[in-house]
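Let me see the structure of the following:
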Amino acid sequence: MAEGIATQERTTWAPTDTWCAVAPSRPLTVEYLEPEIEAEPLPDEFSPSNLRRSLVIIGALALVTVAVIVLVPGLASLRERFAGAQPGWLVLAATLQLGSCAGYVLVFRGVFCRRMSWRTSTEIGMSELAANSVLSVGGAGGLALGAWILRRGGLENAFIARRTVAFFLLTSLANVTFLAIGGIGIATGLLGSSPSVLLGIVPAVLAVAALALALAAHGLAGMLAGRSMRARVVAAAEAVAAGVDEALDLLRAREPAIFVGAASYLLFDVAMLGVCFKTFGNDVPAVGVLLVAYLVGQLGSLIPIPGGIGGVDGGLIGTLVVYGVDAADAAVAVIAYRGLLLSIPAIIGLPVLAVLRRRLRDEAHDIAACAPGEAVEVLGRGTVRRSVPAG
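Presented below is the predicted three-dimensional model:
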């Protein structure tokens, strides 16, 4: 909708018995000026042209990878392994990826609003996962897209900022918790072994340090907000502090959807990686090794390449090799795993995003039902009032 001034004309008839010199029966035209408010446009990074560009880059990199495997003479062992893929295990891996997506939707709904319909929660969650597949920066792209959708749906910036920070912290909490479990399991030998006990101790210590940093984030953000003179820095610091409080409140509430969703989102993904080893007839690494390698390898998504291609793959393969996994076995499993991880959310999520954008444009959604302390009209549900932030 273009921004501007809309004019509405209304015709009335002037009275004939007034003292004013007005011609009898002459119509008066009154114009009412009503400003039209332009809806917030889709951020540039999620525009159709940018998404197509990212998909083209991902496709090109995938083709280069396939060409290298097929044409380079020294990679005959990799070609033999790929040729021996077992379709049944591959279908199971794809099913596990769907389970991971369902876990993401579950934790999204638990953090942002349980009053939102399952359809809307699923559409937002899958749209975020699709953005993560075709963009980079460790999942920040999906969170940014979700924030835009919620703003476009009528929620306030402050509420969205708090819950987005809380969502990031809670999903990260699951990551570092399982990193600590994997590291301790390797160090003690309960969840696998490694060439050195330090390969178990170091991840566990880093996980504990990350937990301590997360707990201290509120105080650090408050200090930054108090000392900075820049409005944007102060606003960001205040949002982080409020988000930490929100995350702690959600933890105290012990909402099963958050715990089950965050764990499922991670563990189904790790299980898919393990099944990709079985797909090519290779032994599955120990649980502790899979957990640590998976979580350490995800740091490669911070490299600004669409889909994290190259960064995540190299991080996963390198970490698995460090923990004693055969390089060729790791390479074929990771390539298959990453192919499913990138393709399934994108195939489902991008069409879902298009549907959701139409629903936002037509106001045919129930996102505004989550607005705290407001009475809103929700299509198909009538007036909904929230006296407290939607849980």
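
number of nearby residues for residue 42?
17 (other C-beta atoms under 10 Å). In this view, the C-beta of every residue, glycine as well, is placed from N, C-alpha and C.

Show the model's pLDDT score for residue 35.
What the model reports for residue 35 is a pLDDT of 43.

got it, and the one 3 residues further on?
You'll see residue 38 listed with a pLDDT of 53.

same question, residue 229
65.

what pLDDT, on average, does stretch 234-241 get?
Mean predicted confidence for stretch 234-241 is 78.

Any buried residues in it, and which?
Under the neighbour-count criterion of 16 or more other C-beta atoms under 10 Å, stretch 234-241 has 234, 236-241 buried.

Please state the offset of that stretch from the chain centre?
21 Å (C-alpha atoms, centre = their mean, to the nearest Å).

got the residue ranges for the helices in the stretch 251-391 of the chain?
256-279, 287-297, 311-322, 327-361 (DSSP state H, counting those that start in this stretch).

Could you dump these into a markdown table with mean pLDDT, mean neighbour count and distance to residue 177 added?
What follows is these, written out as a markdown table (pLDDT from 0 to 100; neighbours: other C-beta atoms under 10 Å; distance: least, C-beta to C-beta, whole Å):
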| stretch | mean pLDDT | mean neighbour count | distance to residue 177 |
| --- | --- | --- | --- |
| helix 256-279 | 95 | 21 | 9 |
| helix 287-297 | 92 | 25 | 10 |
| helix 311-322 | 89 | 21 | 18 |
| helix 327-361 | 89 | 19 | 21 |
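
now for those helices, which one comes closest to residue 201?
Of all the helices of the stretch 251-391 of the chain, helix 287-297 sits nearest to residue 201, with 11.2 Å by C-beta to C-beta.

what's the closest one packed up against?
If contacts are counted by 3 or more C-beta pairs under 8 Å, 6 or more residues apart in numbering; DSSP states H and E, helix 287-297 sits against helix 157-188, helix 198-227, helix 256-279, helix 311-322.

Residues contacting that helix, please?
Outside of helix 287-297, the residues within contact range by C-beta atoms under 8 Å, 6 or more residues apart in numbering are 175, 178-179, 181-183, 185-186, 190-192, 194, 199-200, 203, 269-270, 273-274, 284-285, 312, 315-320, 323-325.

Put the alpha carbons of that helix into PDB.
Extracted C-alpha coordinates of helix 287-297, given in PDB (Å, rounded to 0.1, in the frame of the first residue of the first chain):
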ATOM      1  CA  VAL A 287      27.100 -40.700  21.100                       C
ATOM      2  CA  GLY A 288      29.500 -38.400  22.900                       C
ATOM      3  CA  VAL A 289      31.600 -38.000  19.700                       C
ATOM      4  CA  LEU A 290      28.500 -37.200  17.600                       C
ATOM      5  CA  LEU A 291      27.300 -34.600  20.200                       C
ATOM      6  CA  VAL A 292      30.600 -32.800  20.500                       C
ATOM      7  CA  ALA A 293      31.400 -32.900  16.800                       C
ATOM      8  CA  TYR A 294      27.900 -31.700  15.800                       C
ATOM      9  CA  LEU A 295      28.000 -28.800  18.200                       C
ATOM     10  CA  VAL A 296      31.600 -27.700  17.500                       C
ATOM     11  CA  GLY A 297      31.000 -28.100  13.800                       C
END
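
Please work out the angle formed by the directions of that helix and helix 327-361.
Between helix 287-297 and helix 327-361, the angle comes out at 60 degrees (axes from the mean of the first three to the mean of the last three C-alpha atoms, to 10 degrees).

quick one: contacts for the most centrally placed residue in the chain?
By C-alpha atoms, centre = their mean, the chain has its centre lying nearest to residue 142, at 3.8 Å. Residue 142 is in contact with 127-132, 135, counting by C-beta under 8 Å, 6+ apart.

Spatially, what comes nearest to it if we skip its sequence neighbours?
When the adjacent residues along the chain are set aside, residue 142 lies closest to residue 128, with 3.4 Å between them (C-beta to C-beta, 6 or more residues apart in numbering).

Can you tell me the element the one you found falls in?
helix 118-134 (DSSP states H and E).

tell me which residues of the helix or strand following that helix are tucked away?
The helix or strand immediately downstream of helix 118-134 is helix 140-152, counting by DSSP H and E. The neighbour-count check on helix 140-152 (16+ other C-beta under 10 Å) flags 141-152 as buried.

Dump these to TSV, plus pLDDT and distance to residue 360.
Output for the buried residues of helix 140-152, formatted as TSV (pLDDT from 0 to 100; distance: C-beta to C-beta, whole Å):
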residue	pLDDT	distance to residue 360
141	73	18
142	80	17
143	84	18
144	85	16
145	87	12
146	88	13
147	88	13
148	88	10
149	89	7
150	89	10
151	87	10
152	85	5
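
hang on, the earlier thing: where's the helix holding residue 128 relative to the chain centroid, distance-wise?
Computed by C-alpha atoms, centre = their mean, the chain-centroid distance of helix 118-134 equals 7 Å.

Counting by contacts, list what it packs against.
helix 48-71, helix 87-112, helix 140-152, helix 327-361.

Turn these into JSON lines, columns for distance to residue 80.
Listed next are the helices and strands packed on helix 118-134 as JSON lines, based on distance: least, C-beta to C-beta, whole Å:
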{"stretch": "helix 48-71", "distance to residue 80": "11"}
{"stretch": "helix 87-112", "distance to residue 80": "17"}
{"stretch": "helix 140-152", "distance to residue 80": "37"}
{"stretch": "helix 327-361", "distance to residue 80": "9"}
